[in-house]
Structures are given as C-alpha cells and as structure tokens.
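>>> All I have is the shape, not the residue letters:
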Ligand SMILES: Nc1ncnc2c1ncn2[C@@H]1O[C@H](COP(=O)(O)OP(=O)(O)O)[C@@H](O)[C@H]1O
Ligand SMILES: [Mg+2]
C-alpha cells in the first residue's frame with residue numbers, strides 16, 4: 001500500500017480502483033470501493049437492487065465522476081478522463097438496457113462499434129462466427145429482434161472495438177435461461193484473448209459460475225470479495241442482503 005491506501009499495480013492489472021467514492025447528489029452510491037481486474041479475468045459484481053453496481057461500472061467507463069479515490073487503467077490514472085477517451089483506451093461498457101440503434105440493421109450496429117476499432121481478434125466476421133444466427137439476419141433492423149438477440153448484438157458491438165476491458169451490466173436481465181446460456185457461452189472466448197471482464201449479474205449463481213473472482217456490494221460498500229469457491233452460500237447471501245437477514249433467520253433457526 002502507498003500513502004493513499006492504493007494497492008500496488010501488478011503487470012497483469014488492467015483496471016485498478018482505489019478507495020472510490022461516488023455520489024448522486026447527497027446519496028453516496030459507492031463508498032470506499034477498491035478492486036482490480038486482470039487480463040483474462042472475470043470479476044462478477046453482485047449485490048441487491050440499488051447496491052451501486054451500475055454506478056460502479058458507469059464510473060469506470062467515465063459516465064459518472066467520482067468524488068474521491070482513483071481509477072487506473074494499465075498504470076495510467078484515468079479518473080478524470082472523458083468517457084470517449086476511456087473507450088479509445090479499450091474500456092467498453094454494455095449498459096443496462098442495451099441501447100442499440102434500433103432503426104439500423106444488425107450489421108450497421110456492429111459497424112458502429114467497429115468504427116475506429118483497435119486492432120485485435122474481434123471483427124464483424126468473427127462475431128458472425130461466434131453468433132451464427134447473426135450472419136443470416138445481418139440486414140434486418142434490430143428493432144425486429146428479441147431481447148436476447150438484441151443483447152447479443154450489444155455485446156457484439158462492444159467486442160468489435162477490441163476492448164481490453166468489457167463491462168457488462170445485467171446482460172441476462174429479463175431473458176430466458178436458454179438465451180442467457182448462449183450469451184454466456186462466448187465469455188471463455190473473450191477472456192482467452194486476455195480481455196478482462198467485469199460483469200454485473202442479478203442471477204448470483206450465473207455470475208459465480210463464470211467468475212474467477214466475485215465482489216459483492218451492499219449499499220455501496222464492499223461486503224465480500226474473493227474467489228467464488230472461498231465462500232459458502234450462506235456467506236454470499238449475508239454479504240448480498242446484509243445482516244438484517246441473518247438476524248431474521250437466526251431467530252427462526254435453532255443454533
Ligand atoms: N442518476 C442517478 N441519480 C440519482 N440517484 C441515482 C442515480 N443512479 C443511481 N442512483 C441511486 O444510486 C444507488 C445505486 O444505484 P445503481 O448504481 O443503479 O444500483 P444497482 O445497479 O446496483 O441496482 C441507488 O440508490 C439509486 O437509486
Ligand atoms: Mg444496475
């Protein structure tokens with residue numbers, strides 16, 4: 001630790017967040033959160049509704065300013081860098097609710113993502129290999145697509161920029177399990193190229209299945225972090241819901 005409490009960066013670190021505080025007006029949405037994401041790692045951010053997960057991802061992407069603390073990307077302090085500059089450095093956010101250009105075709109959406117893309121493994125053609133159904137429907141407008149299909153296009157659009165870090169906010173929300181499975185199938189391919197993934201997942205079991213590490217937020221604070229296998233279901237539940245649930249259950253459970 002240095003004098004600011006920052007963890008020293010290791011060579012494989014992509015994103016390092018130190019003692020981050022983010023406010024929405026008076027409300028402290030992220031309180032003293034520190035984390036790191038390395039190459040080829042999948043960090044699952046879990047936590048109840050309103051815990052601050054989206055605020056955390058959006059702050060890393062540069063869409064919210066932090067009040068204090070720092071965000072480093074590959075050793076560079078990007079805390080005050082504009083969102084588009086962070087995107088150019090390789091931080092790509094797939095926001096909650098997808099935000100595609102709905103009146104454009106699938107291929108046009110992918111090409112928007114590929115505009116000024118960094119060199120790397122992901123091209124529009126590669127996305128069609130990952131999601132074969134897309135090639136056949138490349139000239140269809142995305143407003144005709146199902147929620148799951150639109151989510152896959154949103155991920156494809158983020159990937160063609162060849163990001164170094166992919167931030168996925170609730171990609172499985174509202175989708176059928178079979179659709180979610182198809183989307184999650186591409187994550188090993190993504191991390192195999194050294195991309196770091198931070199994913200927010202309401203479905204904790206799903207998040208833990210793909211994660212190399214988990215970070216739980218409770219009312220904006222870190223309530224648990226480490227490798228998923230380190231924790232019992234009870235510990236995760238407690239970190240997710242807070243101590244109220246523990247008190248409530250300890251009254252009904254014999255000790
Ligand atoms: N733009 C905003 N303005 C005011 N409050 C916000 C805004 N975005 C989020 N919040 C509040 O910040 C807290 C964290 O929200 P959010 O990051 O969206 O949580 P999560 O993604 O975990 O559900 C919540 O209390 C939410 O109501
Ligand atoms: Mg959210």
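Received, thanks. All of these numbers come straight from a predicted model, not from anything done at the bench. Numbers count the residues shown, from 1 in each chain. Ligands and ions are numbered 1, 2, ... in the order given.

>>> ok, longest helix in the chain?
In the chain, with assignment by DSSP state H, the single longest helix is helix 147-159.

>>> can you pull the buried residues of that helix?
Using 16 or more other CB atoms under 10 Å as the test for burial, helix 147-159 gives 148-159. Any C-beta I mention is one placed from the backbone N, CA and C, and that applies to glycine too.

>>> so what's residue 44 up against?
Going by CB atoms under 8 Å, 6 or more residues apart in numbering, residue 44 touches 199-201, 207-208, 210-211, 213-215, 228.

>>> Over to it. Which of the three states is it?
Secondary structure, DSSP: H, G, I helix; E, B strand; the rest coil: residue 44 is strand.

>>> Relative to ligand 1, how far out is it?
Residue 44 sits at a distance of 13 Å from ligand 1 (criterion: CB to the nearest ligand atom, to the nearest Å).

>>> And that residue, how far from residue 129?
Note on residue 44: its distance to residue 129, by CB to CB, to the nearest Å, is 26 Å.

>>> and the strand or helix carrying residue 36, which strands flank it?
Using DSSP states H and E, the element containing residue 36 is strand 27-38. Strand pairing for strand 27-38, using DSSP bridges, gives strand 13-24 (antiparallel).

>>> now the strand it pairs with: how far from the chain's centre is it?
Relative to its chain's centre, strand 13-24 lies at 14 Å (CA atoms, centre = their mean, to the nearest Å).

>>> buried stuff in that strand?
Buried residues in strand 13-24, counting neighbours by 16+ other CB under 10 Å, are found at 13-23.

>>> Name the nearest of these relative to residue 107.
Nearest to residue 107, judged by CB to CB, of the buried residues of strand 13-24 is residue 14 at 29.4 Å.

>>> which residue packs closest to that closest one, ignoring adjacent ones?
Using CB to CB, 6 or more residues apart in numbering and skipping residues adjacent in sequence, the residue nearest residue 14 is residue 196, 4.3 Å away.

>>> and the gap between residue 156 and ligand 2?
With distances taken as CB to the ion, to the nearest Å, residue 156 is found 22 Å from ligand 2.

>>> no, scratch that, I was asking about residue 41
For residue 41, the distance to ligand 2 (CB to the ion) stands at 21 Å.

>>> ok, how many other residues are close to that residue?
Look at residue 41: counted by other CB atoms under 10 Å, it has 21 neighbours.

>>> cool, and residue 234?
10.

>>> Check residue 116 too.
Neighbour count of residue 116, defined by other CB under 10 Å: 8.

>>> check which helix or strand covers the closest residue to it other than its chain neighbours.
Closest residue in space to residue 116, ignoring its immediate chain neighbours: residue 88 at 7.4 Å, by CB to CB, 6+ apart. Using DSSP H and E, residue 88 falls within helix 83-89.

>>> List the buried residues in that helix.
For helix 83-89, burial by neighbour count (16+ other CB under 10 Å) applies to 86-87, 89.
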